[in-house]
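Participant: dropping the sequence and predicted coords here.
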Amino acid sequence: AEPLARSAALYALARELPASHAERALALVDQGEELYPDSADLKVAHADLLVKSDQPAEAAALLRPVYAANPGDREVGGMLAVALARSGDLDGAAEVFEAQRGAGPQADLALAEVYLAAGRAAGALDLLAPLVEAAPDDAQLQALYGTALVRMGRLDDGRAALDRALDLDEDNALAQRSLSLLEQQTRLTGDADVTFNEEAGVAFQQGLYALDVGDYVAARDAFGRSLAAQEGNPLAAFYRGYARQLTGDQRGSIADYQVALQAFEGNDIVHNNIGYAYLQTGRYDLALDHLRRAVQANDRNAQARLNLGLVYMSLDDYARALSEFEAAVGLDSSLGPTLEQLIATARQRAGQ
């Protein structure tokens, strides 16, 4: 609003807006580019938003002339490498990255992270394998390596690397998240053989990366692209439902979970998630049905016991609610502080 306070960098901040505001962010960047047509920062911001909107080829086309004019600009080169990797041009991404950062372990590590973010786990593995061999006691390296292995479907090898990362650093966030997702996938699929075609697999990996960094809108969109490339894939459907649930779209999540249930019928995780979604929409009858199935399938699922207790509370069945809350805490003591007040309320209303 105040012309004297305007700058190209101020408009470029629009790239930091969440994915749910992508259109408005692009509009802000467009305004900035009209005022500062020669700003490399704004071109990078524009390209970043195009990549987040699943237009990596357009982002690369936008940045090529900017990179040619500014070959030493690390922001321009780094964003161009990301766009090229997302569009599948790994050789081009590596060429740009190496021209920017040179060769060596640190450059390879950074490029591997770019490949993982782009959903190109195979390219990341090629870079990470020799680095892990040279530095087996590097926790973050093991975490990246394990994450890449899992995304390539090498679950046992990936688990070993992630466990190794946590042995080295028990607080390693990437290893914790990747291991949690691995456990969830293993419990979901069981012995089922869920495979992806190449396009669907790349989009699915991008969705997992977005979950890793907490960008749930981007995760939802990536899993949606995976489903568009391979309609009806139950694993992609489950994770889009999960991402939709995290963005507050309970009805959308229910539709996806119903697809997942066709392949994973009787799975406690899917029944728990869809049951909670029904609870959020006020369908207590359907919530009760699915959550009872979740507990029947796995009576040690603490979250399902908690959610079942919430349904009973909503139905004024306080004795059963209390029983489920206490069972949940018995299975997972970390739920104690969360449920303390609910347990007290249920106990009082049940007359105990």
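Facilitator: Received the coordinates, thanks. Since we're looking at a predicted model, the values are computed, not measured.
Participant: residues in contact with His320?
Facilitator: Careful, residue 320 is Arg and not His. By CB atoms under 8 Å, 6 or more residues apart in numbering, the contact set of Arg320 is 309, 312. (Each C-beta comes from the backbone N, C-alpha and C, glycine too.)
Participant: what residues sit buried inside the stretch of helix or strand it belongs to?
Facilitator: Assigned by DSSP states H and E, Arg320 belongs to helix 318-331. Neighbour-count burial for helix 318-331 flags 318, 320-329, 331 (criterion: 16 or more other CB atoms under 10 Å).
Participant: what's the closest of the residues you listed to Asp138?
Facilitator: The shortest gap between Asp138 and any of the buried residues of helix 318-331 belongs to Leu331, at 35.1 Å (CB to CB).
Participant: leaving out chain neighbours, which residue sits closest to that closest one?
Facilitator: Excluding its sequence neighbours, the residue lying closest to Leu331 (CB to CB, 6 or more residues apart in numbering) is Ala302, at 3.9 Å.
Participant: how much space between the one you found and Asp163?
Facilitator: For Ala302, the distance to Asp163 equals 23 Å [CB to CB, to the nearest Å].
Participant: of these two, who's got more company?
Facilitator: The residue with more neighbours, out of Ala302 and Asp163, is Ala302; 17 against 14, by other CB atoms under 10 Å.
Participant: so who does the more buried one touch?
Facilitator: 327-329, 331-332, 335.
Participant: again, 10 Å this time
Facilitator: Ala302 sits next to 327-335 when contact means CB atoms under 10 Å, 6 or more residues apart in numbering.
Participant: now do it against Gly146, distance only.
Facilitator: For Ala302 relative to Gly146 (CB to CB), the value is 26 Å.
Participant: over to Thr195?
Facilitator: 21 Å.
Participant: so which residues of the stretch 151-300 of the chain form helices?
Facilitator: For the stretch 151-300 of the chain, the helices defined by DSSP state H, counting those that start in this stretch cover 155-168, 173-189, 198-212, 216-229, 234-246, 250-263, 268-280, 284-297.
Participant: give me the number of residues near Leu246?
Facilitator: Applying other CB under 10 Å, we find 15 residues neighbouring Leu246.
Participant: with the one 5 residues further on instead?
Facilitator: Per other CB under 10 Å, the neighbour tally for Arg251 reads 11.
Participant: where does pLDDT dip in the stretch 201-350 of the chain?
Facilitator: Scanning the stretch 201-350 of the chain for pLDDT under 70 picks out no residues.
Participant: that older thread, what's the angle between the helix holding Arg320 and helix 284-297?
Facilitator: 40 degrees (axes from the mean of the first three to the mean of the last three CA atoms, to 10 degrees).
Participant: can I get helix 318-331 in PDB, CA atoms only?
Facilitator: Extracted in PDB, the C-alpha atoms of helix 318-331 (Å, rounded to 0.1, in the frame of the first residue of the first chain):
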ATOM      1  CA  TYR A 318     -20.500 -42.300  29.900                       C
ATOM      2  CA  ALA A 319     -19.700 -45.700  31.400                       C
ATOM      3  CA  ARG A 320     -18.500 -47.100  28.100                       C
ATOM      4  CA  ALA A 321     -16.700 -43.900  27.300                       C
ATOM      5  CA  LEU A 322     -14.800 -44.100  30.500                       C
ATOM      6  CA  SER A 323     -13.900 -47.800  29.800                       C
ATOM      7  CA  GLU A 324     -12.500 -46.900  26.400                       C
ATOM      8  CA  PHE A 325     -10.600 -43.800  27.700                       C
ATOM      9  CA  GLU A 326      -9.000 -45.800  30.500                       C
ATOM     10  CA  ALA A 327      -8.100 -48.600  28.000                       C
ATOM     11  CA  ALA A 328      -6.400 -46.000  25.700                       C
ATOM     12  CA  VAL A 329      -4.300 -44.600  28.500                       C
ATOM     13  CA  GLY A 330      -3.400 -48.200  29.600                       C
ATOM     14  CA  LEU A 331      -2.100 -48.900  26.100                       C
END
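Participant: give the next helix or strand downstream of it.
Facilitator: Heading C-terminal from helix 318-331, the first helix or strand you meet, by DSSP H and E, is helix 336-349.
Participant: quick one, that following helix and helix 318-331 angle?
Facilitator: Angle, helix 336-349 to helix 318-331, by the same axes, to 10 degrees: 160 degrees.
Participant: follow-up on the earlier one: can I get the helices of the stretch 151-300 of the chain in JSON lines with distance to Ser87?
Facilitator: JSON lines is the format used below for these (distance: least, CB to CB, whole Å):
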{"stretch": "helix 155-168", "distance to Ser87": "26"}
{"stretch": "helix 173-189", "distance to Ser87": "25"}
{"stretch": "helix 198-212", "distance to Ser87": "10"}
{"stretch": "helix 216-229", "distance to Ser87": "13"}
{"stretch": "helix 234-246", "distance to Ser87": "21"}
{"stretch": "helix 250-263", "distance to Ser87": "27"}
{"stretch": "helix 268-280", "distance to Ser87": "33"}
{"stretch": "helix 284-297", "distance to Ser87": "40"}
